[in-house]
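Undergrad: Kindly generate the corresponding structure for this input.
(chains A and B)
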Amino acid sequence: TQLLEQSPQFLSIQEGENLTVYCNSSSVFSSLQWYRQEPGEGPVLLVTVVTGGEVKKLKRLTFQFGDARKDSSLHITAAQPGDTGLYLCAGAFGNEKLTFGTGTRLTIIP
Amino acid sequence: DTAVSQTPKYLVTQMGNDKSIKCEQNLGHDTMYWYKQDSKKFLKIMFSYNNKELIINETVPNRFSPKSPDKAHLNLHINSLELGDSAVYFCASSQWKNSPLHFGNGTRLTVT
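TA: A predicted model of the protein is given here:
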């Protein structure tokens, strides 16, 4: 079973600050997805990255896929209370099933 | 229109009982899944169906039995419920295996 480690596990910061969360594996992903989950709801897809070194932006969120396709990061600029939630990465390894990471619980303090 | 809907939202039951959770998707996707999210928020796949055919069957007690009457529906039946079955169960669908998932809002199962 492939393991995706996310760090930090918990992060609590003030509104307006910047932050980065990480998703790491010892194996190469064929693709990687990022989701955000809010309390009482299911995870919602934010982005999919496929190519090593790829950078995608979604408003204040910037996603980067590592050159070797073993890691990914999510950077949030000027965090807002609406960014609060559980951030999950999910990686596909070849034709194996999608595996979810351990999650980062983000809290933005107004 | 809700894309992936599952019922019930909450399920409280006693040990030993049998219960079912229903899921329907109106996205026209071929693949549906059941995931279990534990108290530490870790999401683990249980089953996956593609066009009514079981394609992923993780190491799950055989008290759990999925059923897909058609490609828009995937139900989960659980026999002889145990305390350790308490969790949030998510149904999801995707266009094909490993493409982005669309999740339902979960069923919080509490076994007392």
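Undergrad: I'd like to know how far residue B:35 sits from residue B:58.
TA: 10 Å (CB to CB, to the nearest Å). To be clear about C-beta, it is placed using only N, CA and C from the backbone, and glycine gets the same treatment.
Undergrad: what sits in contact with each of the two?
TA: The contact sets of residue B:35 and residue B:58 overlap at B:44-46 (CB atoms under 8 Å, 6 or more residues apart in numbering or on different chains).
Undergrad: Give me the subset of those that lies in strands.
TA: B:44-46 (DSSP state E).
Undergrad: Please indicate which of the residues you listed are buried?
TA: B:44-46 (16 or more other CB atoms under 10 Å in any protein chain shown).
Undergrad: Please list which of these are also close to chain A.
TA: B:44-45 (CB under 8 Å from any CB of the partner chain).
Undergrad: Output the ones in strands among the shared contacts of residue B:35 and residue B:58 as a markdown table; include the columns distance to residue A:81 and pLDDT.
TA: A markdown table is the format used below for these (distance: CB to CB, whole Å; pLDDT from 0 to 100):
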| residue | distance to residue A:81 | pLDDT |
| --- | --- | --- |
| B:44 | 30 | 93 |
| B:45 | 32 | 93 |
| B:46 | 34 | 94 |
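Undergrad: As TSV, those residues with distance to residue A:42 would be great.
TA: Output for these, formatted as TSV (distance: CB to CB, whole Å):
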residue	distance to residue A:42
B:44	15
B:45	14
B:46	15
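Undergrad: which one of the shared contacts of residue B:35 and residue B:58 is nearest residue A:29?
TA: Among the shared contacts of residue B:35 and residue B:58, residue B:45 lies closest to residue A:29 (CB to CB), at 16.4 Å.
Undergrad: distance of that closest one from residue B:14?
TA: Counting by CB to CB, the gap from residue B:45 to residue B:14 is 27 Å.
Undergrad: Same check on residue B:63?
TA: In terms of CB to CB, residue B:63 sits 15 Å off from residue B:14.
Undergrad: which of those two has more neighbours?
TA: Using other CB atoms under 10 Å in any protein chain shown, the more surrounded residue of residue B:63 and residue B:14 is residue B:63, with 13 against 8.
Undergrad: For the more buried one, which residues are in contact?
TA: Here residue B:63 is in contact with B:78-82 (criterion: CB under 8 Å, 6+ apart).
Undergrad: Beta-bridge partners for whatever residue of chain B ends up closest to chain A, please?
TA: Taking CB to the nearest CB, chain A has its nearest neighbour within chain B at residue B:103, 2.9 Å off. Taking DSSP bridges as the rule, residue B:103 bridges to residue B:92.
Undergrad: burial measure for it, as a count.
TA: Neighbours of residue B:103 (other CB under 10 Å): 23.
Undergrad: For the residue nearest the centre of chain B, list each beta-bridge partner.
TA: Taking CA atoms, centre = their mean, the centroid of chain B lies closest to residue B:34, which sits 3.2 Å from it. Beta-bridge pairing for residue B:34 (DSSP bridges): residue B:47, residue B:91.
Undergrad: That one contacts residue B:66, correct?
TA: Yes: counting by CB atoms under 8 Å, residue B:34 touches residue B:66, with 6.1 Å between them.
Undergrad: Nice, that's everything, thank you.
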